[in-house]
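1. Give me coordinates for this.
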Amino acid sequence: MSELSTLARPYAEAVFRTAQAENDLAGWSQRIATLATIVSDPQVAALIADPAVPAERVADLVIEVAGAELGERGANLVKVLAENDRLTLLPEIRAQFEALKADAEGTLEATITSAQPLTQAQIDDLVAGLRARFNRAVNVQVAVDPELIGGAVIAIGDQVIDGSVKGRLQKMAFTLQG
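-> Numbering: from 1, shown residues only. Alright, predicted model coming up:
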């Protein structure tokens with residue numbers, strides 16, 4: 001994982017600088033999301049991994065599937081990644097680009113995973129609490145994981161706030177063992 005992160009970083013930073021220069025962070029965010037989705041498709045991934053398929057052909061396919069909104073610079077990115085056998089890095093490039101974008105925009109990306117579906121009021125309360133705690137705007141993704149039993153887990157970058165029943169039970173079991 002750290003190797004992927006290291007390999008993807010220069011590409012993510014280059015795309016981010018380009019997006020800033022063009023004042024088009026949202027557009028580049030969409031382009032990279034589209035590209036990451038395309039290369040994650042099992043059939044496309046198989047083509048990328050097949051040494052018999054030339055990199056130029058794979059790049060052309062990805063560019064064609066991405067469509068006109070990819071633009072010339074987006075197509076150039078695909079070609080560079082294909083030539084350097086780095087197309088599989090696109091999901092990691094996307095993640096790093098989004099982190100750079102969020103930092104530049106002064107926002108945090110958070111994932112709230114709860115044991116049961118949350119109401120909009122509960123989500124709004126959690127977002128308000130996170131906004132107050134971190135003094136930044138917060139974009140949230142909400143997921144449900146019944147294995148948590150109750151409560152919720154909030155992940156923001158490398159920080160995790162575990163308020164789940166499962167987490168409390170694991171902590172108690174660890175304490176009792178020690």
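2. Please count neighbours and contacts with C-alpha atoms only from this point.
-> Noted.
3. can you list the domains in this structure?
-> Per automatic domain parsing, the domain ranges recorded for the chain read 2-102, 107-177.
4. among those domains, which is the most enclosed?
-> Most buried of the domains of the chain, by mean neighbour count (mean count of other C-alpha atoms under 10 Å): domain 2-102, with a mean of 17.
5. what's the average pLDDT for the helix or strand containing Ala59?
-> Here Ala59, judged by DSSP states H and E, is contained in helix 55-66. Average pLDDT, helix 55-66: 94.
6. Excluding covalently adjacent residues, which one is nearest to Glu13?
-> Among residues not flanking Glu13 along the chain, Phe97 sits closest, at 6.9 Å (C-alpha to C-alpha, 6 or more residues apart in numbering).
7. What is the subsequent helix or strand relative to the helix holding Ala59?
-> Using DSSP H and E, the helix or strand that follows helix 55-66 in sequence is helix 71-83.
8. Pro51: what secondary structure?
-> Here Pro51 is recorded as coil under DSSP: H, G, I helix; E, B strand; the rest coil.
9. If anything else comes up later, I'll come back, but that's it for now.
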